[in-house]
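Colleague: Generate coordinates for the sequence data below:
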Amino acid sequence: MCRTHTILCTVAGWLLLAGCAAKTADLPAPSDPELQAGIIAARYIAGEYPDAIDSTRGGTHVIYHWKYTQGVTLWALLLLHEQTGTPAHLQQVRASLASYDANGRIRVHGGSEPIDYIGAMAHAILEYSLRSGDHQFLDGALEAARFFRDDVARTPDGLIAYHADPARGRIWADALFMVAPLMAKTGTYLGDTSYYDDVLEQFRGFAQKLRDPQVGLYHQGWNWHGDGASPGYWGRANGWVALAMVEVLDTIPEGHPGRDDLLASYQDFARAIVRHQGISGMWHQLLNRPDSYEETSCTGMFLYALARGVQRGWLDVSYVDAIERGHAGLSRMISLKGNIDNICPGTSTQPSEQAYLNRGPQRNESHGIGPVLLATHGVMITRETAE
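Modeller: This next block holds a predicted model:
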């Protein structure tokens, strides 16, 4: 019997047990990353994460809100499908994209926040197209990448601005993930290296403004509350940067001008990430504040980004310990019924560290689902690499 079939049967058994235990206790999930992925993905596909659901169905599939958080989750399902061969993962992605396409959602628009609107979803569409060979939605993803290269608002120094008014000079770290992997992968698909050059320039410019050279971490934003960088080092902002780095490094070929600089930046950033890992293995909502709560979404993002580095040989095997400790900590936040705890809700750049601390943890908030699935994938590839 293949491992995937065994895992699916085990997941079904755990879920049945979870239903029986519903009136008593929400038991912790097993620590096996593939079992965790199966439990969470099954709950997601069943439409049982209410923060994310929009109560519509595409045929037999529940369709979630069109939102960047769903872009991350759909991308994670694609990775898990390739790893475990679970058909339901790919079916959920295909049904979701078909529904979005039928409702006219796959398009660039000129609103005030085009980065959040289309970036991560277009990345998921591109990933689906390239991995499945089904190109019926591909044009929408390619148009989004072209928009970010040619038409999106830019600050006076050429960085992709968060708002449509570039004179405000506002950037935020989150945008690197929303934009850079999509652009880099489009460059590879089209054979157009101008996308690579723009992406690498964005990393350089964002680092100059947002990265603290002494601490090695990133501030979330620039020019949001007066001139300069926002306070503290918010966990998920750094998680977005880490995801963006590994996806771009995995895409731009060795030898392209500027890639080595990004690789060195990633390796330095990875060292800073591990230095700020909490005692339990998780990372905190504010990375520089161990008195802040252990935060699930950034922990998931870091685990994936570190795991990809070990798999590709960008990081040495000493990082495996940090990955395993991180997964042990993260496992405490996942229940047998697929509940996910300690997720920081959506958070724009804040004026003070206290304002970040006021963004208290939530259960099953949509920002945590995709990162936790990415983490399970990351732990699995780490263990496969070590074998």
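Colleague: any idea how far Ile39 lies from Leu27?
Modeller: For Ile39, the distance to Leu27 (Cβ to Cβ, to the nearest Å) stands at 11 Å. Any C-beta I mention is one placed from the backbone N, CA and C, and that applies to glycine too.
Colleague: Run through the helices of this protein in chain order.
Modeller: 3-20, 33-45, 68-84, 87-102, 114-132, 138-150, 174-190, 194-210, 235-249, 259-275, 296-312, 319-331, 353-357, 366-386 (DSSP state H).
Colleague: Who's the closest spatial neighbour of Ile106, skipping the chain neighbours?
Modeller: Distances taken as Cβ to Cβ, 6 or more residues apart in numbering put Gly140 closest to Ile106, at 3.6 Å, once the chain neighbours are dropped.
Colleague: And that neighbour, how far from Ser230?
Modeller: For Gly140, the distance to Ser230 - Cβ to Cβ - is 32 Å.
Colleague: Pick out whichever of these two has more residues nearby.
Modeller: Shown here are Gly140 and Ser230; by other Cβ atoms under 10 Å, Ser230 has more neighbours (27 against 21).
Colleague: in terms of contact, does the more buried one touch Trp224 like I think?
Modeller: Yes. Using Cβ atoms under 8 Å, Ser230 is in contact with Trp224, at 5.7 Å.
Colleague: residues shared between the contacts of these two?
Modeller: Thr349, Pro351 (Cβ atoms under 8 Å, 6 or more residues apart in numbering).
Colleague: Need the contact partners of stretch 187-202.
Modeller: 126, 130, 142, 145, 149, 158-160, 176, 179-180, 183-184, 186, 248, 251-252, 256-259, 261-262.
Colleague: buried subset of these?
Modeller: 126, 130, 142, 145, 149, 159-160, 176, 179-180, 183-184, 186, 248, 251-252, 259, 262 (16 or more other Cβ atoms under 10 Å).
Colleague: So the closest residue to Asp101 other than its chain neighbours versus Met121, what's the distance?
Modeller: Using Cβ to Cβ, 6+ apart and skipping the chain neighbours, the partner closest in space to Asp101 is Phe137 (5.7 Å). Noted for Phe137: a distance of 10 Å to Met121, by Cβ to Cβ.
Colleague: out of these two, which sits in the busier spot?
Modeller: Met121 (29 against 19).
Colleague: Please verify my assumption that that one contacts Trp66.
Modeller: Yes. Met121 is within contact range of Trp66, at 6.5 Å (criterion: Cβ under 8 Å).
Colleague: Show me whatever sits in contact with both of those two.
Modeller: Common neighbours of Met121 and Trp66, counting by Cβ under 8 Å, 6+ apart, are Tyr100, Arg105.
Colleague: quick one, phi psi at the closest residue to Leu357 other than its chain neighbours?
Modeller: Nearest residue to Leu357 in three dimensions, chain neighbours excluded: Ser292, at 5.7 Å (Cβ to Cβ, 6+ apart). Note on Ser292: its backbone torsions stand at phi -80, psi 160 [degrees, to the nearest 10].
Colleague: wait, Leu330 sits on Thr296?
Modeller: Yes. Shown here, Leu330 and Thr296 form a contact pair, counting by Cβ under 8 Å, at 6.6 Å.
Colleague: and Arg168, what does it touch?
Modeller: So, once contact is read as Cβ under 8 Å, 6+ apart, Arg168 ends up touching Ala161, Asn223.
Colleague: wait, doesn't Arg312 sit right on Leu249?
Modeller: Yes. Look at Arg312 against Leu249 with Cβ under 8 Å: they come within range, at 7.4 Å.
Colleague: who's more crowded, the two?
Modeller: Remark: of Arg312 and Leu249, Leu249 carries more neighbours, 20 against 14, as counted by other Cβ under 10 Å.
Colleague: from the middle of its chain, how far away would stretch 224-240 be?
Modeller: Distance, stretch centre to chain centre, for stretch 224-240: 17 Å (Cα atoms, centre = their mean, to the nearest Å).
Colleague: Render the CA-only coordinates of stretch 141-150 in PDB, please.
Modeller: Output in PDB follows, covering the C-alpha atoms of stretch 141-150 (Å, rounded to 0.1, in the frame of the first residue of the first chain):
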ATOM      1  CA  ALA A 141      -1.300  35.900 -14.500                       C
ATOM      2  CA  LEU A 142       0.900  37.100 -17.300                       C
ATOM      3  CA  GLU A 143      -1.000  40.400 -17.600                       C
ATOM      4  CA  ALA A 144      -0.600  41.000 -13.900                       C
ATOM      5  CA  ALA A 145       3.200  40.500 -14.100                       C
ATOM      6  CA  ARG A 146       3.400  42.900 -17.100                       C
ATOM      7  CA  PHE A 147       1.400  45.400 -15.100                       C
ATOM      8  CA  PHE A 148       3.800  45.200 -12.200                       C
ATOM      9  CA  ARG A 149       6.800  45.700 -14.500                       C
ATOM     10  CA  ASP A 150       5.300  48.400 -16.700                       C
END
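Colleague: pLDDT at the nearest residue to Cys298 once chain neighbours are set aside, what is it?
Modeller: Among residues not flanking Cys298 along the chain, Gly235 sits closest, at 3.2 Å (Cβ to Cβ, 6+ apart). pLDDT, Gly235: 98.
Colleague: Next: the one 10 residues further on.
Modeller: According to the per-residue confidence, Met245 scores 98 in pLDDT.
Colleague: my read: it touches Ala305, true?
Modeller: Yes. Counting by Cβ under 8 Å, Met245 does reach Ala305; the two are 6.8 Å apart.
Colleague: residues touching the residue nearest to Leu357, list them.
Modeller: So Ser292 contacts His284, Gln285, Leu286, Tyr356, Leu357 (Cβ under 8 Å, 6+ apart).
Colleague: Next, work out how far apart the residue lying closest to Ala122 once chain neighbours are set aside and Lys185 are.
Modeller: Leaving aside its chain neighbours, Ala122 sits nearest to Ala144 (3.7 Å; criterion: Cβ to Cβ, 6+ apart). Distance, Ala144 to Lys185, by Cβ to Cβ: 11 Å.
Colleague: Next one: Gly71, what pLDDT does it get?
Modeller: Listed pLDDT for Gly71 reads 96.
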